[in-house]
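Undergrad: compute the structure for the input listed below.
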Amino acid sequence: MRQICVLTISLLSLTLIGCSTYHLSTQSLLDQFANTKPEIKRNIIFAFPIIFPGTVTGNDLKQITCLDKNGKETVIQVTNHTGVRITKQDGSRKTFYFDTLLIKDSTINGKKSHFIALDITPINLNDIKKIELQR
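TA: Modelled structure (predicted):
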């Protein structure tokens, strides 16, 4: 009986807690990144008895303004769990961590991991069709 209760509560929690998706135009992204600076981010995962330290360079944004699914402007907090999915004009997609996103010379760079250097293939700003944020 106890196992059924735990299973029911777990499944209910998973259905209530979901991932929210927000949209952002390329111009809005550029405007909000106008005054950002690169920042070194340090992450540590404790999985007893092993410790996984990680260092990654990313942006210093703490919040970003975007649109929710109804088109309403929303400000969301940027954490190390905030993801970004960029759809290019050719239909291909790149997904990575938003806090690692850097814009330099009309190109977006980012990382797929906070612990090892898994860079994405740089994306030209003119190739972007859609930008989605997930938290």
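Undergrad: any weak-confidence spans in this structure?
TA: Applying pLDDT under 70 to the chain flags the ranges 1-18.
Undergrad: mind listing the helices for it?
TA: 2-16, 26-32 (DSSP state H).
Undergrad: mind jotting down where the strands sit in the protein?
TA: Using DSSP state E, the strands of the chain run over residues 21-24, 39-47, 50-58, 63-67, 73-77, 83-88, 93-97, 102-104, 107-109, 123-124, 128-134.
Undergrad: Gln32: which of these is closest?
TA: strand 63-67 (5.8 Å; Cβ to Cβ). No exception for glycine: its C-beta is placed from N, CA and C like everyone else's.
Undergrad: for the closest one, name the packing helices and strands.
TA: Helices and strands touching strand 63-67, by 3 or more Cβ pairs under 8 Å, 6 or more residues apart in numbering; DSSP states H and E, are strand 21-24, helix 26-32, strand 73-77.
Undergrad: take these and lay them out in a markdown table including distance to Asp105 and mean neighbour count.
TA: Listed next are those as a markdown table, based on distance: least, Cβ to Cβ, whole Å; neighbours: other Cβ atoms under 10 Å:
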| stretch | distance to Asp105 | mean neighbour count |
| --- | --- | --- |
| strand 21-24 | 20 | 18 |
| helix 26-32 | 13 | 14 |
| strand 73-77 | 27 | 12 |
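Undergrad: out of the ones you listed, the one nearest Ile128 is which?
TA: Of the helices and strands packed on strand 63-67, nearest to Ile128 by Cβ to Cβ is helix 26-32, at 5.0 Å.
Undergrad: CA atoms only: put that closest one into CSV for me.
TA: Listed next in CSV are the C-alpha coordinates belonging to helix 26-32 (Å, rounded to 0.1, in the frame of the first residue of the first chain):
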residue,chain,number,x,y,z
THR,A,26,17.0,37.7,-32.3
GLN,A,27,16.8,41.5,-31.9
SER,A,28,15.5,41.2,-28.3
LEU,A,29,18.4,38.8,-27.5
LEU,A,30,20.9,41.3,-29.0
ASP,A,31,19.3,44.2,-27.1
GLN,A,32,19.5,42.3,-23.7
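Undergrad: understood, closing this out.
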